[in-house]
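K.L.:
Below is the structure, and that's it, no one-letter string:
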Ligand SMILES: N[C@@H]1[C@@H](O)[C@H](O)[C@@H](COP(=O)(O)O)O[C@@H]1O
(Lines give C-alpha, C1' and ligand atoms only; values in the text may rest on other atoms or scores of the structure.)
Protein backbone atom coordinates (compact mmCIF):
# COMPACT_ATOMS: atom_id res chain seq x y z
CA UNK A 1 0.00 0.00 0.00
CA UNK A 2 1.66 3.19 -1.15
CA UNK A 3 0.49 6.36 0.65
CA UNK A 4 0.92 9.78 -0.93
CA UNK A 5 0.18 12.86 1.14
CA UNK A 6 -0.81 15.98 -0.71
CA UNK A 7 -1.63 19.55 0.32
CA UNK A 8 -5.20 19.52 -0.90
CA UNK A 9 -7.84 17.81 -3.01
CA UNK A 10 -6.77 19.51 -6.26
CA UNK A 11 -3.20 18.30 -5.90
CA UNK A 12 -4.46 14.81 -4.98
CA UNK A 13 -6.77 14.70 -7.97
CA UNK A 14 -3.82 15.52 -10.23
CA UNK A 15 -1.79 12.68 -8.73
CA UNK A 16 -4.72 10.30 -9.31
CA UNK A 17 -5.13 11.60 -12.84
CA UNK A 18 -1.45 10.96 -13.60
CA UNK A 19 -1.80 7.37 -12.40
CA UNK A 20 -4.92 6.96 -14.56
CA UNK A 21 -3.02 8.30 -17.58
CA UNK A 22 -0.19 5.81 -16.98
CA UNK A 23 -2.66 2.93 -16.74
CA UNK A 24 -4.36 3.97 -19.97
CA UNK A 25 -0.98 4.22 -21.71
CA UNK A 26 -0.32 0.67 -20.47
CA UNK A 27 -3.59 -0.55 -22.01
CA UNK A 28 -6.27 -0.13 -19.31
CA UNK A 29 -9.74 -0.38 -20.87
CA UNK A 30 -12.14 -0.89 -17.95
CA UNK A 31 -12.49 1.55 -15.09
CA UNK A 32 -14.18 1.05 -11.75
CA UNK A 33 -15.71 4.36 -10.67
CA UNK A 34 -17.01 5.81 -7.43
CA UNK A 35 -19.48 8.49 -6.44
CA UNK A 36 -19.37 10.85 -3.45
CA UNK A 37 -17.66 14.19 -3.07
CA UNK A 38 -14.16 12.68 -2.97
CA UNK A 39 -13.60 11.95 -6.70
CA UNK A 40 -15.30 15.10 -8.06
CA UNK A 41 -12.07 17.02 -8.65
CA UNK A 42 -10.51 13.91 -10.19
CA UNK A 43 -13.44 13.71 -12.64
CA UNK A 44 -12.90 17.40 -13.48
CA UNK A 45 -9.32 16.57 -14.37
CA UNK A 46 -10.54 13.78 -16.64
CA UNK A 47 -13.13 16.05 -18.29
CA UNK A 48 -10.54 18.75 -18.93
CA UNK A 49 -8.04 16.30 -20.40
CA UNK A 50 -7.80 15.07 -23.95
CA UNK A 51 -8.06 11.44 -22.87
CA UNK A 52 -10.50 9.54 -25.07
CA UNK A 53 -12.88 7.07 -23.41
CA UNK A 54 -15.11 6.30 -26.38
CA UNK A 55 -13.68 2.78 -26.56
CA UNK A 56 -13.58 2.33 -22.78
CA UNK A 57 -15.94 0.77 -20.25
CA UNK A 58 -16.85 1.96 -16.76
CA UNK A 59 -18.37 -0.06 -13.94
CA UNK A 60 -19.56 1.84 -10.89
CA UNK A 61 -19.36 0.57 -7.35
CA UNK A 62 -22.90 1.08 -6.23
CA UNK A 63 -26.41 2.52 -6.56
CA UNK A 64 -29.25 3.26 -4.16
CA UNK A 65 -32.14 0.82 -4.14
CA UNK A 66 -35.38 2.46 -5.24
CA UNK A 67 -33.93 5.33 -7.25
CA UNK A 68 -34.25 5.49 -11.00
CA UNK A 69 -31.24 6.71 -12.99
CA UNK A 70 -33.17 9.87 -13.87
CA UNK A 71 -33.61 10.71 -10.16
CA UNK A 72 -31.21 13.51 -9.31
CA UNK A 73 -30.14 11.69 -6.12
CA UNK A 74 -29.23 8.50 -7.95
CA UNK A 75 -25.62 7.61 -8.53
CA UNK A 76 -26.34 7.19 -12.27
CA UNK A 77 -27.46 10.83 -12.35
CA UNK A 78 -24.39 11.87 -10.35
CA UNK A 79 -22.07 10.12 -12.80
CA UNK A 80 -23.85 11.66 -15.79
CA UNK A 81 -23.49 15.12 -14.26
CA UNK A 82 -19.91 14.79 -13.05
CA UNK A 83 -18.35 12.77 -15.85
CA UNK A 84 -20.30 10.90 -18.51
CA UNK A 85 -22.17 13.84 -20.09
CA UNK A 86 -18.84 15.55 -20.73
CA UNK A 87 -16.65 12.50 -21.34
CA UNK A 88 -18.50 9.80 -23.26
CA UNK A 89 -17.52 6.17 -22.77
CA UNK A 90 -18.29 3.16 -24.94
CA UNK A 91 -20.47 1.88 -22.09
CA UNK A 92 -21.23 2.79 -18.48
CA UNK A 93 -22.51 0.17 -16.05
CA UNK A 94 -24.19 0.95 -12.73
CA UNK A 95 -26.50 -1.33 -10.77
CA UNK A 96 -30.18 -0.77 -11.55
CA UNK A 97 -31.69 0.65 -8.35
CA UNK A 98 -35.20 0.09 -9.71
CA UNK A 99 -34.75 -3.61 -10.43
CA UNK A 100 -37.84 -5.50 -9.26
CA UNK A 101 -35.81 -8.67 -8.68
CA UNK A 102 -32.80 -7.59 -6.63
CA UNK A 103 -31.35 -11.12 -6.48
CA UNK A 104 -31.30 -11.27 -10.25
CA UNK A 105 -29.82 -7.77 -10.43
CA UNK A 106 -26.87 -8.57 -8.15
CA UNK A 107 -26.14 -11.74 -10.14
CA UNK A 108 -26.34 -9.83 -13.42
CA UNK A 109 -23.96 -7.20 -12.05
CA UNK A 110 -21.43 -9.87 -11.04
CA UNK A 111 -21.65 -11.27 -14.56
CA UNK A 112 -20.89 -7.78 -15.93
CA UNK A 113 -17.84 -7.48 -13.66
CA UNK A 114 -16.64 -10.95 -14.72
CA UNK A 115 -17.07 -10.09 -18.39
CA UNK A 116 -15.19 -6.78 -17.99
CA UNK A 117 -12.32 -7.26 -15.54
CA UNK A 118 -11.50 -3.90 -13.98
CA UNK A 119 -8.07 -2.52 -14.81
CA UNK A 120 -8.20 0.55 -12.59
CA UNK A 121 -10.54 1.23 -9.68
CA UNK A 122 -11.19 4.59 -8.03
CA UNK A 123 -12.31 4.47 -4.40
CA UNK A 124 -13.47 6.92 -1.77
CA UNK A 125 -13.59 6.00 1.90
CA UNK A 126 -16.47 6.15 4.34
CA UNK A 127 -15.72 7.71 7.72
CA UNK A 128 -16.43 4.26 9.21
CA UNK A 129 -13.98 2.63 6.79
CA UNK A 130 -16.51 1.49 4.20
CA UNK A 131 -15.60 1.14 0.53
CA UNK A 132 -18.37 1.21 -2.04
CA UNK A 133 -21.22 0.49 0.34
CA UNK A 134 -19.44 -2.39 2.04
CA UNK A 135 -20.19 -1.46 5.60
CA UNK A 136 -18.20 -2.70 8.65
CA UNK A 137 -18.84 -6.41 9.14
CA UNK A 138 -19.22 -7.19 5.44
CA UNK A 139 -17.38 -10.46 4.68
CA UNK A 140 -14.27 -10.00 2.55
CA UNK A 141 -15.66 -12.77 0.31
CA UNK A 142 -18.75 -10.72 -0.65
CA UNK A 143 -19.50 -10.14 -4.31
CA UNK A 144 -22.28 -7.79 -5.45
CA UNK A 145 -25.00 -7.67 -2.80
CA UNK A 146 -27.86 -5.66 -1.37
CA UNK A 147 -26.78 -3.63 1.66
CA UNK A 148 -28.75 -2.22 4.57
CA UNK A 149 -27.06 1.13 5.07
CA UNK A 150 -25.83 1.94 8.57
CA UNK A 151 -27.24 4.87 10.48
CA UNK A 152 -23.89 6.69 10.23
CA UNK A 153 -23.76 6.30 6.44
CA UNK A 154 -27.36 7.49 6.09
CA UNK A 155 -26.48 10.54 8.20
CA UNK A 156 -23.27 11.17 6.25
CA UNK A 157 -25.08 11.03 2.92
CA UNK A 158 -28.06 13.09 4.11
CA UNK A 159 -26.19 16.23 3.06
CA UNK A 160 -27.02 15.40 -0.55
CA UNK A 161 -30.78 15.10 0.18
CA UNK A 162 -33.44 17.60 1.27
CA UNK A 163 -34.26 15.50 4.35
CA UNK A 164 -32.53 12.64 6.12
CA UNK A 165 -35.77 10.62 5.68
CA UNK A 166 -35.29 10.81 1.90
CA UNK A 167 -31.97 8.93 2.02
CA UNK A 168 -32.60 5.39 0.76
CA UNK A 169 -32.09 2.69 3.39
CA UNK A 170 -30.58 0.15 1.01
CA UNK A 171 -28.08 0.06 -1.80
CA UNK A 172 -26.66 -2.43 -4.28
CA UNK A 173 -22.90 -2.56 -3.92
CA UNK A 174 -20.04 -4.30 -5.62
CA UNK A 175 -18.51 -6.59 -2.99
CA UNK A 176 -15.08 -6.52 -1.45
CA UNK A 177 -13.99 -9.65 -3.34
CA UNK A 178 -14.89 -7.93 -6.63
CA UNK A 179 -13.09 -4.73 -5.65
CA UNK A 180 -9.93 -6.69 -4.78
CA UNK A 181 -9.94 -8.32 -8.22
CA UNK A 182 -9.24 -4.96 -9.85
CA UNK A 183 -5.71 -4.93 -11.30
CA UNK A 184 -4.91 -1.56 -9.70
CA UNK A 185 -6.63 0.85 -7.35
CA UNK A 186 -6.42 4.43 -6.18
CA UNK A 187 -8.18 5.41 -2.96
CA UNK A 188 -8.57 9.08 -2.14
CA UNK A 189 -9.61 10.62 1.18
CA UNK A 190 -9.93 14.27 2.15
CA UNK A 191 -10.65 15.94 5.46
CA UNK A 192 -10.30 15.27 9.18
CA UNK A 193 -13.45 13.15 9.40
CA UNK A 194 -11.61 10.45 7.40
CA UNK A 195 -8.43 10.50 9.54
CA UNK A 196 -9.36 7.59 11.83
CA UNK A 197 -10.50 5.42 8.93
CA UNK A 198 -7.30 6.21 7.00
CA UNK A 199 -5.23 5.34 10.07
CA UNK A 200 -7.01 1.99 10.52
CA UNK A 201 -6.79 1.21 6.82
CA UNK A 202 -3.06 1.90 6.60
CA UNK A 203 -1.72 1.03 10.06
CA UNK A 204 -4.35 -1.24 11.61
CA UNK A 205 -5.07 -4.94 11.48
CA UNK A 206 -6.83 -6.34 8.44
CA UNK A 207 -10.32 -6.71 9.81
CA UNK A 208 -13.87 -6.90 8.49
CA UNK A 209 -14.80 -4.25 11.05
CA UNK A 210 -12.83 -1.77 8.92
CA UNK A 211 -13.53 -2.89 5.34
CA UNK A 212 -10.86 -0.71 3.69
CA UNK A 213 -8.14 -2.47 5.73
CA UNK A 214 -8.42 -5.38 3.29
CA UNK A 215 -6.73 -3.17 0.70
CA UNK A 216 -3.42 -3.86 2.48
CA UNK A 217 -3.54 -7.23 0.72
CA UNK A 218 -3.52 -5.72 -2.78
CA UNK A 219 -0.16 -5.26 -4.48
CA UNK A 220 -1.09 -2.26 -6.66
CA UNK A 221 -2.92 0.28 -4.54
CA UNK A 222 -2.10 3.94 -4.05
CA UNK A 223 -3.76 5.87 -1.23
CA UNK A 224 -3.87 9.63 -1.72
CA UNK A 225 -4.73 11.74 1.33
CA UNK A 226 -4.65 15.40 2.22
CA UNK A 227 -2.94 16.61 5.40
CA UNK A 228 -6.12 16.36 7.50
CA UNK A 229 -7.13 12.85 6.40
CA UNK A 230 -3.52 11.68 6.64
CA UNK A 231 -2.67 13.19 10.00
CA UNK A 232 -2.06 9.78 11.62
CA UNK A 233 0.01 8.33 8.78
CA UNK A 234 3.62 9.06 7.87
N1 LIG B 1 -21.07 4.83 -1.40
C2 LIG B 1 -20.29 6.00 -1.22
C3 LIG B 1 -18.84 5.64 -1.26
O4 LIG B 1 -18.51 5.09 -2.53
C5 LIG B 1 -18.02 6.87 -0.94
O6 LIG B 1 -16.67 6.60 -1.13
C7 LIG B 1 -18.24 7.26 0.49
C8 LIG B 1 -17.55 8.56 0.87
O9 LIG B 1 -18.27 9.66 0.40
P10 LIG B 1 -17.63 11.07 0.19
O11 LIG B 1 -16.66 10.92 -0.93
O12 LIG B 1 -18.75 12.00 -0.17
O13 LIG B 1 -16.96 11.43 1.47
O14 LIG B 1 -19.59 7.30 0.84
C15 LIG B 1 -20.62 6.84 0.03
O16 LIG B 1 -21.40 6.18 0.95
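P.N.:
Perfect, I can see it now. Only a predicted model underlies this, so the values are computations on that prediction, with no experimental measurement involved.

K.L.:
Which positions in the protein make contact with the ligand?
P.N.:
34-38, 61-62, 124-126, 132-133, 153, 157 (CB under 6 Å from any ligand atom). C-betas here are computed from N, CA, C, even on glycine.

K.L.:
Helices - which of these land there?
P.N.:
Counting by DSSP state H, these place 153, 157 in helices.

K.L.:
Please look at residue 118 and residue 34 and confirm they touch.
P.N.:
No. Between residue 118 and residue 34 there is no contact, the gap being 11.8 Å when judged by CB atoms under 8 Å.

K.L.:
Let me see the mean pLDDT of stretch 78-92.
P.N.:
In this model, stretch 78-92 has a mean pLDDT of 98.

K.L.:
What lies in contact with that stretch?
P.N.:
33, 35, 39-40, 43, 46-47, 51, 53-58, 60, 69, 94 (CB atoms under 8 Å, 6 or more residues apart in numbering).

K.L.:
Same question for stretch 116-125.
P.N.:
Residues from elsewhere that reach stretch 116-125 (CB under 8 Å, 6+ apart): 16, 19-20, 23, 27-39, 42, 57, 59, 61, 93, 131-132, 179, 181-189, 194, 197-198, 201, 212, 215.

K.L.:
now do stretch 14-33
P.N.:
Stretch 14-33 is contacted from outside by 4, 6, 39, 42, 45-46, 49, 51, 55-61, 79, 83, 116-122, 174, 179, 182-186, 188, 222, 224, using CB under 8 Å, 6+ apart.

K.L.:
Which ones among these lie within helices?
P.N.:
Those of the contacts of stretch 14-33 lying in helices (DSSP H): 42, 45, 46, 79, 179.

K.L.:
just curious, which of those residues is nearest to residue 100?
P.N.:
Closest approach between the ones in helices among the contacts of stretch 14-33 and residue 100, by CB to CB: residue 79, at 22.6 Å.
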